[in-house]
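1. next come a sequence and a model predicted from it.
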2 protein chains.
Amino acid sequence: MARGRRPGTSSSREDIAGAARTQFAELGYDRTTIRGVAAAAGVDPALVMHFYGSKQRLFIETMQLPFDAPALADELAAGDRATVGRRVIEYLLAAWEQPHTRALFVGRARASASEPEAAKLLRDQITRELIGPLARSIGADRPELRAALVSTQLIGWVFARWILEVEALRPLDVEQAARVLGPALQRYLVEPLD
Amino acid sequence: MARGRRPGTSSSREDIAGAARTQFAELGYDRTTIRGVAAAAGVDPALVMHFYGSKQRLFIETMQLPFDAPALADELAAGDRATVGRRVIEYLLAAWEQPHTRALFVGRARASASEPEAAKLLRDQITRELIGPLARSIGADRPELRAALVSTQLIGWVFARWILEVEALRPLDVEQAARVLGPALQRYLVEPLD
DNA sequence: GTCTATAAGCAGATAGAC
DNA sequence: GTCTATCTGCTTATAGAC
């Protein structure tokens, strides 16, 4: 067991990060303000600047995904190729049910709509770190196109379900949604495309 | 032929509308400013307010779709049920190739990420005016869910192709993209969902 | 680590002259 | 229909005391 007082004299840095994630997810990039984040975290706005330097760096440093994307891609690619689409969507749908993880994805999607840097971040993470490696790992033809197609469906789900909040999608639980979306991803990932 | 001078002494109103559409599409809602639109249209900012009253009304009045959605839904629903998915995506992909029409869809998607009113507008138009009626017209079970699923794929395509600008999607022409996306929409619209 | 004070700028909206 | 001038409020960011 750790004894004595841990380094750092307060939890302000993490309080700020948590408040930032919530606000980026709910308000988008532009409407999230340093002042608003500071107020929600119960600190002075200047302290936010002290820790993160700028609004853009606050976004980048607090909105990183908490898992190792390439490793996850390998894990999902391993196993039966006939059910890989289902595994992918099931993993992500479960992740999006958790408010903390969902905030990261929704915040990134919202920010991408107005902040080009955020769009680049999302695009690269999708094509280069998660879905891209996954598609290559599977060994199908045209992996870049397949990864991009999978991404369209994933982004569209996040946008419709959590940003537009389309009513008809709400009653679906993870298993039902996976059953509906799985075949689409399966086709994009491994089946002949035309 | 119409003779004489038409009513209205200038094209300022339409100049403003055109500039607004372009900026909403490229910058999103928050970063589009009355002042910026006025500058692009070559008029005074106060003139924008004179014509449209507020920024929100400028958005709503200039970003209306130029076609009659319910009528289009009927038109697309008529014909072979086995190819309706293909007809829908072909029509929309062709529409999105035209910069003027594309600006409306992209602008609405961008705005929906930050402005709740814009999200409501997009959600209602999708579920109540275009895809919803289409799904009901076809006569499949669970039309609301089917319409919502179709919407996820359509929004995801617009977002990935025109906002994230994913490289792998760019080389596809209308016909190629329709061949890839058609089966997904076809399944969401008429095939058994699980 | 935390705060006060403030710089410097841009936003939407209004009033009213012409 | 068009413009000038301005109000009011907000933003990110900096400098520096404690």
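-> Good, I have the coordinates. These figures come from a predicted structure and were not determined experimentally. Residues are numbered from 1 along each chain as shown, chains lettered A, B, ... in the order given.

2. now the helices for chain A?
-> When assigned using DSSP state H, the helices of chain A occupy the ranges A:12-31, A:34-41, A:45-52, A:55-62, A:69-77, A:84-97, A:99-112, A:116-124, A:131-138, A:143-158, A:174-190.

3. for the longest one, buried residues please.
-> Just to be clear, that refers to helix A:12-31. By neighbour count, and taking 16 or more other CB atoms under 10 Å in any protein chain shown as the criterion, the buried residues in helix A:12-31 are A:12-13, A:15-25, A:27-31. Every residue, glycine included, has its C-beta placed from N, CA and C.

4. and the third one, by the same measure?
-> Of the residues in helix A:45-52, those with enough neighbours to count as buried (16+ other CB under 10 Å) are A:47-48, A:52.

5. with the second one instead?
-> Residues of helix A:34-41 classed as buried: A:34, A:36-38, A:40-41 (neighbour count, 16+ other CB under 10 Å).

6. swap in the last one?
-> Judged by neighbour count using 16+ other CB under 10 Å, the buried positions of helix A:174-190 are A:174, A:177-178, A:180-190.

7. would you turn those residues into CSV with distance to DNA strand C and pLDDT?
-> Converted to CSV, those look like this (distance: CB to the nearest atom of the strand, whole Å; pLDDT from 0 to 100):
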residue, distance to DNA strand C, pLDDT
A:V174, 39, 98
A:A177, 38, 98
A:A178, 42, 98
A:V180, 40, 98
A:L181, 38, 98
A:G182, 43, 98
A:P183, 44, 98
A:A184, 39, 98
A:L185, 40, 98
A:Q186, 45, 98
A:R187, 43, 98
A:Y188, 39, 98
A:L189, 43, 98
A:V190, 47, 97
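
8. which among the residues you listed gets closest to B:E75?
-> Ranking the buried residues of helix A:174-190 by separation from B:E75, with CB to CB as the measure, puts A:A184 on top at 25.5 Å.

9. and chain A, which residues reach DNA strand C?
-> With CB under 7 Å from any atom of the strand as the criterion, chain A meets DNA strand C at residues A:8-10, A:12-13, A:43-47, A:50.

10. how about these in CSV, adding distance to chain B?
-> As requested, those are exported to CSV (distance: CB to the nearest CB, whole Å):
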residue, distance to chain B
A:G8, 34
A:T9, 36
A:S10, 32
A:S12, 28
A:R13, 27
A:V43, 25
A:D44, 25
A:P45, 20
A:A46, 24
A:L47, 25
A:H50, 26
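
11. wait, A:Y52 touches A:M63, no?
-> No - using CB atoms under 8 Å, A:Y52 is not in contact with A:M63, being 11.7 Å away.

12. give the residues shared as contacts by these two.
-> Taking CB atoms under 8 Å, 6 or more residues apart in numbering or on different chains as the contact criterion, A:Y52 and A:M63 have no common neighbours.

13. could you list the low-pLDDT ranges of chain A?
-> A:1-9 (pLDDT under 70).

14. any idea which residue of it lies closest to chain B?
-> Nearest residue of chain A to chain B (CB to the nearest CB) works out as A:G156 at 2.3 Å.

15. what about A:Q125, how many neighbours?
-> Residue neighbour count, defined by other CB atoms under 10 Å in any protein chain shown, stands at 16 for A:Q125.

16. picking that back up, report the two of the buried residues of helix A:174-190 separated the most.
-> Across the buried residues of helix A:174-190, the two members that end up farthest from each other (CB to CB) are A:V174 and A:V190, 22.1 Å apart.

17. got the contact list for the residue nearest the centre of chain A?
-> If you average the C-alpha coordinates of chain A and look for the closest C-alpha using CA atoms, centre = their mean, you land on A:F105, 2.8 Å from that point. Applying CB under 8 Å, 6+ apart, we find A:F105 in contact with A:95-96, A:158, A:162.
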